[in-house]
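Asks: make a model of this:
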Amino acid sequence: MFYGIEFPAAGECGDPRTLAEFARLAEEVGWDGVFLEDYAFYHNDTYRSVPGAPTYDPWICLAAMATRTERVRLGTAITPLPRRRPWKLAREAISLDHLSGGA
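Replies: Purely as a prediction, here's the structure:
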(Lines give C-alpha, C1' and ligand atoms only; values in the text may rest on other atoms or scores of the structure.)
Protein backbone atom coordinates (compact mmCIF):
# COMPACT_ATOMS: atom_id res chain seq x y z
CA MET A 1 0.00 0.00 0.00
CA PHE A 2 1.19 3.52 -0.80
CA TYR A 3 0.26 6.72 1.01
CA GLY A 4 -0.07 10.19 -0.44
CA ILE A 5 -0.79 13.62 0.91
CA GLU A 6 -2.50 16.48 -0.89
CA PHE A 7 -1.82 20.19 -0.48
CA PRO A 8 -3.72 23.16 -1.90
CA ALA A 9 -1.89 25.48 -4.28
CA ALA A 10 -3.64 28.44 -2.70
CA GLY A 11 -3.57 30.55 0.43
CA GLU A 12 -0.66 31.57 2.58
CA CYS A 13 1.02 28.15 2.46
CA GLY A 14 0.32 27.49 -1.23
CA ASP A 15 3.29 29.30 -2.72
CA PRO A 16 5.91 27.26 -4.62
CA ARG A 17 8.69 27.69 -2.04
CA THR A 18 6.51 26.61 0.88
CA LEU A 19 5.08 23.67 -1.06
CA ALA A 20 8.60 22.59 -2.03
CA GLU A 21 9.52 22.54 1.65
CA PHE A 22 6.33 20.63 2.51
CA ALA A 23 7.18 18.06 -0.18
CA ARG A 24 10.71 17.67 1.18
CA LEU A 25 9.34 17.13 4.68
CA ALA A 26 6.68 14.70 3.42
CA GLU A 27 9.37 12.66 1.69
CA GLU A 28 11.58 12.78 4.78
CA VAL A 29 8.87 11.32 7.02
CA GLY A 30 7.93 8.58 4.58
CA TRP A 31 5.00 9.70 2.41
CA ASP A 32 4.96 7.99 -1.00
CA GLY A 33 3.24 10.76 -2.96
CA VAL A 34 2.54 14.47 -2.80
CA PHE A 35 -0.32 15.87 -4.84
CA LEU A 36 -1.86 19.23 -5.67
CA GLU A 37 -5.28 20.12 -7.01
CA ASP A 38 -5.35 21.88 -10.37
CA TYR A 39 -8.27 24.29 -10.03
CA ALA A 40 -8.71 27.77 -11.46
CA PHE A 41 -10.21 28.84 -8.12
CA TYR A 42 -11.09 27.28 -4.78
CA HIS A 43 -14.59 26.92 -3.36
CA ASN A 44 -13.94 25.67 0.16
CA ASP A 45 -14.63 27.78 3.24
CA THR A 46 -10.95 28.10 4.15
CA TYR A 47 -10.19 30.37 1.21
CA ARG A 48 -13.60 32.03 0.97
CA SER A 49 -12.96 33.62 4.34
CA VAL A 50 -9.79 35.24 3.00
CA PRO A 51 -10.77 37.64 0.21
CA GLY A 52 -8.14 37.75 -2.48
CA ALA A 53 -6.23 34.73 -1.15
CA PRO A 54 -3.42 34.03 -3.62
CA THR A 55 -3.59 30.99 -5.87
CA TYR A 56 -0.59 29.52 -7.66
CA ASP A 57 -0.13 27.44 -10.78
CA PRO A 58 0.10 23.82 -9.59
CA TRP A 59 2.54 22.84 -12.34
CA ILE A 60 4.99 25.56 -11.28
CA CYS A 61 4.57 24.38 -7.68
CA LEU A 62 5.20 20.77 -8.70
CA ALA A 63 8.39 21.86 -10.50
CA ALA A 64 9.59 23.60 -7.33
CA MET A 65 8.71 20.47 -5.35
CA ALA A 66 10.71 18.33 -7.78
CA THR A 67 13.85 20.35 -7.05
CA ARG A 68 13.61 19.50 -3.32
CA THR A 69 12.69 15.80 -3.50
CA GLU A 70 14.20 12.59 -4.86
CA ARG A 71 11.86 9.67 -4.23
CA VAL A 72 8.33 10.89 -3.56
CA ARG A 73 5.81 10.75 -6.44
CA LEU A 74 4.50 14.14 -7.53
CA GLY A 75 1.33 14.94 -9.39
CA THR A 76 -2.08 16.52 -9.47
CA ALA A 77 -5.07 14.93 -7.79
CA ILE A 78 -7.25 16.37 -10.54
CA THR A 79 -6.53 18.32 -13.72
CA PRO A 80 -9.53 19.68 -15.62
CA LEU A 81 -8.33 18.94 -19.15
CA PRO A 82 -10.98 21.02 -20.98
CA ARG A 83 -9.51 24.22 -19.56
CA ARG A 84 -5.93 23.43 -20.59
CA ARG A 85 -4.33 23.24 -24.00
CA PRO A 86 -3.28 19.60 -24.51
CA TRP A 87 0.12 20.43 -26.07
CA LYS A 88 0.99 22.82 -23.23
CA LEU A 89 -0.06 20.32 -20.57
CA ALA A 90 2.00 17.63 -22.32
CA ARG A 91 5.08 19.90 -22.28
CA GLU A 92 4.53 20.72 -18.62
CA ALA A 93 4.12 17.06 -17.68
CA ILE A 94 7.21 15.90 -19.58
CA SER A 95 9.26 18.80 -18.17
CA LEU A 96 8.17 17.83 -14.66
CA ASP A 97 9.00 14.19 -15.40
CA HIS A 98 12.52 15.12 -16.49
CA LEU A 99 13.03 17.56 -13.61
CA SER A 100 11.93 15.01 -11.02
CA GLY A 101 13.87 12.14 -12.55
CA GLY A 102 10.64 10.26 -13.20
CA ALA A 103 9.31 10.47 -9.64
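
Asks: from residue 54, how far off is residue 13?
Replies: With distances taken as Cβ to Cβ, to the nearest Å, residue 13 is found 10 Å from residue 54. Just so you know, the C-beta spots here come from the backbone N, C-alpha and C atoms, and that holds for glycine as well.

Asks: and the lowest mean pLDDT element among the helices and strands of this structure?
Replies: One helix or strand of the chain scores below all others by mean pLDDT, DSSP states H and E: helix 45-48, with a mean of 50.

Asks: and the most centrally placed residue in the chain, helix, strand or coil?
Replies: Geometric centre of the chain, nearest residue: residue 36, 3.5 Å, by Cα atoms, centre = their mean. Following DSSP: H, G, I helix; E, B strand; the rest coil, we place residue 36 in the strand state.

Asks: the nearest residue to residue 11 once chain neighbours are set aside: neighbour count?
Replies: Excluding the flanking residues, the one nearest residue 11 by Cβ to Cβ, 6 or more residues apart in numbering is residue 53, at 5.1 Å. Number of residues near residue 53 (other Cβ atoms under 10 Å) recorded here: 16.
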